[in-house]
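>>> I would like to see how this sequence folds:
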Amino acid sequence: MHPSATKKGRNLCMLRWLKSTKTSGTMEEFCLYYGSLTLDHHKKYEMEAALLVANSSWTSGKSVCDGQLYE
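Predicted coordinates for the structure are as follows:
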């Protein structure tokens, strides 16, 4: 599974989920996981993604993948 290049909260969550929880996870598994998160968690990912984009910090490096996994 590979997240799209879109720099949004859902993809930020997916990158972190793949790295820390399910390295070989499927899209179906991620959709179940993401769907189980609260609206507050979704908003946190969206806000953090927007901040990473605004600061030109969204890269394939640690700033994206090594951040907090909101649960």
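>>> CA only for contacts and neighbour counts going forward, please
Noted.
>>> Need the residues that contact the lengthiest helix in the chain.
In the chain, ranked by residue count with DSSP state H as the criterion, the top helix is helix 39-54. The contact list for helix 39-54, computed with Cα atoms under 8 Å, 6 or more residues apart in numbering, reads 7-10, 12-13, 58, 64, 70-71.
>>> which element is the residue most central in space within the chain on?
With distances taken as Cα atoms, centre = their mean, the chain has Cys13 as the residue nearest its mean C-alpha position (1.6 Å). With the criterion set as DSSP states H and E, the secondary-structure element containing Cys13 is helix 9-20.
>>> Give me the angle between that helix and helix 39-54.
For helix 9-20 and helix 39-54, the angle between their directions (axes from the mean of the first three to the mean of the last three Cα atoms, to 10 degrees) works out to 90 degrees.
>>> show me where pLDDT drops low in this structure?
Residues of the chain that meet the criterion pLDDT under 70 lie in 60-62.
>>> His41 and Ser56, how far apart?
Between His41 and Ser56 the distance is 22 Å, computed by Cα to Cα, to the nearest Å.
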